[in-house]
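> sharing a model that was predicted from the sequence below.
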Amino acid sequence: MVALIYSDFYMIEPSLAEENYLKAIFHLAQHTEKVSTRAIAQHMDTKDSSVTSMLRKLSDKALIHYEKRYGVNMTESGNTAALTIIRRHRLWEVFLVDKLGFKWDEVHELAEQLEHIQSPKLLEKLDHYLGSPTVDPHGDPIPDASGKMVHRSHILLSDAELNTPFRLVRVKDDSSDFLQYLDLRGLQIGTHLQVIERITYDNSLTLNVTQQGRIHISQKVAENLLVSVI
C-alpha cells in the first residue's frame with residue numbers, strides 16, 4: 001500500500017525548491033479556495049515573477065492547476081506530494097526531539113533539511129521506529145501513509161471559558177522566540193491549565209498552570225495556543 005501511495009510522487013521527483021512551494025501552497029490552501037500568486041510570494045518571501053515561473057513548472061508536472069490571474073489549486077498528485085513532505089518534516093521533528101534530545105524550538109530548520117530526503121523505505125522505517133506518532137512536538141497532526149491526519153477538537157485559549165480544565169494541545173506559532181517564551185512560562189504540549197481571570201482592558205489572561213502556579217499572558221500569546229477540554 002505504501003509503495004502504491006508514493007509511486008506517482010517519486011516518479012515526478014520534484015526538486016527541493018518545488019517541494020517548498022508545494023508545501024507552502026498546501027498550507028495557504030487551507031484558508032482559501034484559490035491561492036493567489038501574491039499570497040505565495042509573501043509566504044515564500046520572494047518576487048511575484050519568481051512565483052509565476054515556479055507555478056508554470058509545477059503545472060507542467062500536473063502538481064497544481066494554475067490559471068494566470070485566477071490563482072492556484074492543488075491537483076490530487078500535488079496534494080499527495082505536499083502531504084508526504086509534511087509527513088517527513090513532522091516525523092523528523094519527533095525523531096529529533098524524542099530520540100536525539102533536541103528542544104522543540106531547535107528542530108524546525110533541521111527538519112526543513114531532512115524533509116527533502118526522498119526515500120519511502122526510510123520514511124516507513126522512521127515511522128515504525130517512532131511508534132507511528134500522530135502529532136509532532138508542536139502538536140501539529142502527522143499525516144499517515146495514506147495522507148490522513150487525526151484532527152482533534154480544540155479551541156483557542158483566548159476563547160476558553162473561565163475555571164474549566166484544559167490541556168495545551170497545539171501551538172500556532174512555532175517560531176523559536178515564541179517556543180522559548182512558552183518554556184519560560186512553563187507551557188508545553190500536554191500542560192494542564194485553567195483560565196482564572198480575563199482582563200477586560202486588554203483581554204490578557206491569568207492562568208493557573210499545573211506544577212507552575214499562576215501566570216499572566218497577553219491576548220496575542222493566548223491566540224497562538226490551542227487547547228482541548230480535559
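Received the coordinates, thanks. Numbers count the residues shown, from 1 in each chain.

> what sits against residue 35?
By C-beta atoms under 8 Å, 6 or more residues apart in numbering, the contact set of residue 35 is 25, 28, 29, 71, 72, 73. (Each C-beta comes from the backbone N, C-alpha and C, glycine too.)

> okay, the residue most central in space within the chain: pLDDT?
Here the mean C-alpha position of the chain is nearest to the C-alpha of residue 140 (C-alpha atoms, centre = their mean), at a distance of 5.1 Å. For residue 140, the pLDDT comes out at 97.

> neighbours of the residue lying closest to it once chain neighbours are set aside, how many?
The shortest distance from residue 140 to any non-neighbouring residue, by C-beta to C-beta, 6 or more residues apart in numbering, is to residue 90 (6.0 Å). Each residue near residue 90 was counted by other C-beta atoms under 10 Å, and the total is 24.

> can you tell me the SS state at whatever residue is furthest in space from the centre of the chain?
Ranked by distance from the centre of the chain (C-alpha atoms, centre = their mean), the top residue is residue 201, with 32.1 Å. Using DSSP: H, G, I helix; E, B strand; the rest coil, the structure places residue 201 in coil.

> related to what we said a few turns ago, between the contacts of residue 35, which is nearest residue 215?
Nearest to residue 215, judged by C-beta to C-beta, of the contacts of residue 35 is residue 28 at 33.6 Å.

> so the residue nearest to the centre of the chain touches residue 89, yeah?
No. With contacts defined as C-beta atoms under 8 Å, residue 140 does not count as touching residue 89, sitting 9.2 Å away.

> give me the mean pLDDT for the longest helix seen in the chain.
Determined from DSSP state H, the single longest helix within the chain is helix 76-98. Helix 76-98 shows a mean pLDDT of 97.

> same question, stretch 43-57
For stretch 43-57, mean pLDDT is 95.

> quick one, domains of the chain?
Listed domain ranges for the chain are 1-150, 155-229 (source: automatic domain parsing).

> least reliable of the ones you listed going by mean pLDDT?
Across the domains of the chain, domain 1-150 gives the lowest mean pLDDT, at a mean of 91.

> and it, how far out from the chain's middle?
Distance of domain 1-150 from its chain centroid, counting by C-alpha atoms, centre = their mean, to the nearest Å, is 10 Å.

> please apply the same query to stretch 148-156.
Mean-position distance between stretch 148-156 and its chain equals 12 Å (C-alpha atoms, centre = their mean).

> residues making contact with it?
Looking at what lies outside stretch 148-156 - C-beta under 8 Å, 6+ apart - the contacts are 134-135, 141-143, 169-170, 222-223, 225-228.

> let's see it at 6 Å
By C-beta atoms under 6 Å, 6 or more residues apart in numbering, the residues outside stretch 148-156 that reach it are 134, 141, 143, 169, 223, 226, 228.
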